[in-house]
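Novice: Sequence and predicted structure are below.
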Amino acid sequence: AQSVTQLDSHVSVSEGTPVLLRCNYSSSYSPSLFWYVQHPNKGLQLLLKYTSAATLVKGINGFEAEFKKSETSFHLTKPSAHMSDAAEYFCVVSYNFNKFYFGSGTKLNVKP
Amino acid sequence: DAGITQSPRYKITETGRQVTLMCHQTWSHSYMFWYRQDLGHGLRLIYYSAAADITDKGEVPDGYVVSRSKTENFPLTLESATRSQTSVYFCASSDRTTSGNEQFFGPGTRLTVL
């Protein structure tokens, strides 16, 4: 069965320090991978996506993620956290156009 | 404005009543999806549709009915609402493109069943 694991349910960082949100997937196929962000009481917004082009993907708001096939990982990073980054982040894997598998989410807290 | 919209945004109903949540997209995307979001469960797929008149069950379809007579609309009906269906419901759409098949989400409907 396909699955997505977000290794941390909560991450807390100080403003200005790096952010690392971890995501691993299980698959025998080449997936499309996405990170979405959800601010409180809002919908989900696409941060970035990997679709078999460059393995290092740059997204909005300074976020980026690296696809590592050998590790089946797609970790999300940002060099310097901002208070506005506080939100919940979802890693999503897709193997075709009608199957999307969501991780359980990581809540990012940014301390001043 | 173009995009994906949901209505109502907030709904309170009583156990046993029928409720319909509306979803409308203006991109002519082929695929549309309904998810529910509950604490501790993330997003779970209720139903999806690959095109008009083509729908299929997701992970948690029981108690829900969908239809898709037009490409742009994908209503979700709770035939007899139960308290366990209190949740936030998100509609999404996607399509086959050369740049990927990401989903675009609506703003959500917060449903409370008393």
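Specialist: Arrived safely. Given the structure is predicted, the values throughout are model-derived calculations rather than measurements.

Novice: Point out where chain A drops to low pLDDT.
Specialist: For chain A, the stretches with pLDDT under 70 are A:1-2, A:28.

Novice: Give me the residue at the spatial middle of it.
Specialist: The centroid of chain A falls nearest to residue A:35 when counting by C-alpha atoms, centre = their mean (3.8 Å).

Novice: Which helix or which strand is home to it?
Specialist: Using DSSP states H and E, residue A:35 maps to strand A:32-38.

Novice: Which other helices and strands does that strand contact?
Specialist: strand A:23-26, strand A:44-50, strand A:64-68, strand A:73-78, strand A:87-96 (3 or more C-beta pairs under 8 Å, 6 or more residues apart in numbering or on different chains; DSSP states H and E). Where you see a C-beta, it was placed from the backbone N, CA and C, and this is true even at glycine.

Novice: Give me the spatial nearest neighbour of the residue nearest to the centre of chain A, chain neighbours excluded.
Specialist: Nearest residue to residue A:35, sequence neighbours excluded (C-beta to C-beta, 6 or more residues apart in numbering or on different chains): residue A:47, at 4.3 Å.

Novice: so what's that neighbour up against?
Specialist: Counting by C-beta atoms under 8 Å, 6 or more residues apart in numbering or on different chains, residue A:47 touches A:34-37, A:59-61, A:63, A:76, A:89.

Novice: Residue A:8: which of the residues you listed is nearest?
Specialist: residue A:89 (10.0 Å; C-beta to C-beta).

Novice: beta partners for that closest one?
Specialist: Per DSSP bridges, the residues bridged to residue A:89 are residue A:37, residue A:106.

Novice: what's the answer for residue B:90, then?
Specialist: Applying DSSP bridges, one finds that residue B:90 bridges with residue B:35.

Novice: Would you confirm that it contacts residue B:43?
Specialist: Yes: counting by C-beta atoms under 8 Å, residue B:90 touches residue B:43, with 6.8 Å between them.

Novice: now the end-to-end length of stretch B:11-25.
Specialist: 20 Å (C-alpha to C-alpha, to the nearest Å).

Novice: can you check stretch B:88-103 too?
Specialist: Note: stretch B:88-103 ends 17 Å apart using C-alpha to C-alpha.

Novice: Show me how far it is from its chain's centre.
Specialist: Stretch B:88-103 has its C-alpha centroid displaced from the chain centroid by 13 Å (C-alpha atoms, centre = their mean, to the nearest Å).

Novice: Does residue B:77 lie in a helix or a strand, and which?
Specialist: strand B:76-78.

Novice: Quick check: mean pLDDT of that strand?
Specialist: Average pLDDT, strand B:76-78: 98.

Novice: Please apply the same query to stretch B:41-56.
Specialist: Mean pLDDT, computed over stretch B:41-56, is 91.

Novice: Using CSV, write out every CA atom in it.
Specialist: Output in CSV follows, covering the C-alpha atoms of stretch B:41-56 (Å, rounded to 0.1, in the frame of the first residue of the first chain):
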residue,chain,number,x,y,z
HIS,B,41,-6.8,12.3,10.8
GLY,B,42,-5.5,14.8,8.4
LEU,B,43,-7.4,14.9,5.1
ARG,B,44,-9.4,11.9,4.1
LEU,B,45,-10.9,11.4,0.7
ILE,B,46,-14.7,10.9,0.6
TYR,B,47,-15.4,10.8,-3.2
TYR,B,48,-13.7,11.8,-6.4
SER,B,49,-14.8,12.3,-10.0
ALA,B,50,-12.7,11.9,-13.1
ALA,B,51,-15.2,13.7,-15.4
ALA,B,52,-18.8,14.5,-15.6
ASP,B,53,-21.0,11.5,-14.7
ILE,B,54,-18.0,9.6,-13.5
THR,B,55,-17.6,9.3,-9.7
ASP,B,56,-15.9,6.8,-7.4
